[in-house]
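S.K.: Fold the stuff below for me.
(chains A and B)
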Amino acid sequence: MVPLKDIAHLLRMAAVFLVGLILFLFLRSAFIPKSFGRYGHFRGDAIAEITARPIAYAGHQTCEGCHPEEADTKSKGVHAYVNCESCHGPLAKHADDPASVTPKLPDVATLCFRCHSENIAKPQGFPQVNANEHSGGQLCNTCHQPHSPAITQGAKK
Amino acid sequence: MTISRRQLLVLLPAAAAAWDFVLAGTPEAAPNYNSADHWWGMLLDITKCIGCGSCVRACAMENDVPDGYFRTWVERYHVTDFQIENPTVDSPDGGKEGFPPSEFTSGKNFFVPKFCNHCVDSPCTQVCPVGATFHTADGVVLVDQNYCVGCRYCIQACPYGCRYFHPTKHVADKCTLCYHRIVKGLTTACCESCPTGARQLADLKNPNDPIHAFLKTHSVQVLKPHLATGAKNFYNSLDGSVR
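M.R.: Purely as a prediction, here's the structure:
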């Protein structure tokens, strides 16, 4: 049996390491978020935090619930698959509180031309116009009804 | 069966530890949404994109993307004859307000919408030194902005340039595939606002999703397939000049 005093320096070293280890484990548990590693090498609570963000676009199903007439008109025209908020903008707040949040009508002069101004990169067959040649500067909704834009009553040239 | 006081004292902490383990496996708090049942990707149809920028505006409004930064953007390509390695590309303000008339009158011209590919083997998550960016079980790459230290390593690592440094939050930011929407059964803001159906959110684990029929019958490609990132943005009619 080795006399204790001969290994005392080793025991002191071991004690220092032990204290260090305990300190490390304590700091580690204090600094690493509790949910870290729950689903993988990240903070599990982050998913719930990201999911909690409120939505801005209500979705066309929500719009159609209260505006069936507009939805019906639209479904018969070439804009059938253009969703409401594509032109009208994000309206989840309006859907939540229709009385106090009233949407603004889109600005026809800029809105229509974002899609329908002539551009060589647009797919062939997509209806494109040069505004000045087409209407001489008149607003699109003078002739076209945006929800069902085809002109049906004798206006065709 | 009887349990002595001594046995109960031993069993209670054991049961508590076991219960904690059970709770740890509870999925995130989104009722009726089980992330293991989905695998999200997107279909982008170049033949339908008109470069209107609706997706870019919708994304900015849905996610408070600061001006001059983009989680999604649209590029306009111009390719002449055989010069497919040297296309002319422009994207004024990310295509947010649409595109002015092209300076070119010939050649091949088309639009390419871009955003995070939500790669299966994403270079960006691999380099994060603190575990602030990660994959969800349904195949979405997210950033934990409360844990990000803002080292920008992931921004450099993304081969598609889909990440940016948020100017006021001072953390990495990117497309979340509108995770706050898709867990509620809604589509993404960009898909909701796309007027031509050029962008369609796809659940690859849903056998009834129309993407399966589409992939079978069309020439579909991902961006930079040679990098083997497992990108999940599927482009129909993607030209070889697109980088």
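
S.K.: now for the lengthiest helix in chain A, which elements pack on it?
M.R.: Scanning chain A for the longest helix, with DSSP state H as the assignment, gives helix A:4-31. Using 3 or more CB pairs under 8 Å, 6 or more residues apart in numbering or on different chains; DSSP states H and E as the contact criterion, helix A:4-31 has no neighbours among helices and strands. Yep, even glycine has a C-beta here, placed from its N, CA and C like the rest.

S.K.: Show the average pLDDT along it.
M.R.: Here the mean pLDDT over helix A:4-31 is 95, rounded to a whole number.

S.K.: before we move on, what about stretch B:191-200?
M.R.: Mean predicted confidence for stretch B:191-200 is 97.

S.K.: Please state the offset of it from the chain centre?
M.R.: Chain-centre distance of stretch B:191-200: 15 Å, with CA atoms, centre = their mean, to the nearest Å.

S.K.: Tell me if that stretch is near chain A.
M.R.: Yes: against chain A, stretch B:191-200 shows contacts by CB under 8 Å from any CB of the partner chain at B:192-197.

S.K.: For that stretch, give me every contacting residue.
M.R.: A:57, A:59-60, A:79, A:81-83, A:85-87, A:115, A:126, B:42-46, B:48-50, B:52, B:54-55, B:57-58, B:113, B:186, B:188, B:190, B:201, B:210-211 (CB atoms under 8 Å, 6 or more residues apart in numbering or on different chains).

S.K.: Equivalent analysis for stretch A:118-126, please.
M.R.: Here stretch A:118-126 makes contact (CB under 8 Å, 6+ apart) with A:128-130, B:47-51, B:76-78, B:99, B:101-102, B:104-105, B:109-111, B:196.

S.K.: wait, isn't B:Leu223 in contact with B:Cys116?
M.R.: No: with contact defined as CB atoms under 8 Å, B:Leu223 does not count as touching B:Cys116 (11.0 Å).

S.K.: if we can go back for a sec, please narrow the contacts of stretch B:191-200 to those residing in strands.
M.R.: Using DSSP state E, B:42-45, B:113, B:201 are the members of these that sit in strands.

S.K.: Not counting sequence-adjacent ones, nearest residue to B:Tyr235?
M.R.: B:Leu44 (4.9 Å; CB to CB, 6 or more residues apart in numbering or on different chains).

S.K.: Enumerate every residue touching the closest residue to B:Asp209 other than its chain neighbours.
M.R.: Using CB to CB, 6+ apart and skipping residues adjacent in sequence, the residue nearest B:Asp209 is B:Asp203, 5.0 Å away. Neighbouring residues of B:Asp203 by CB under 8 Å, 6+ apart: B:38-40, B:209, B:211.
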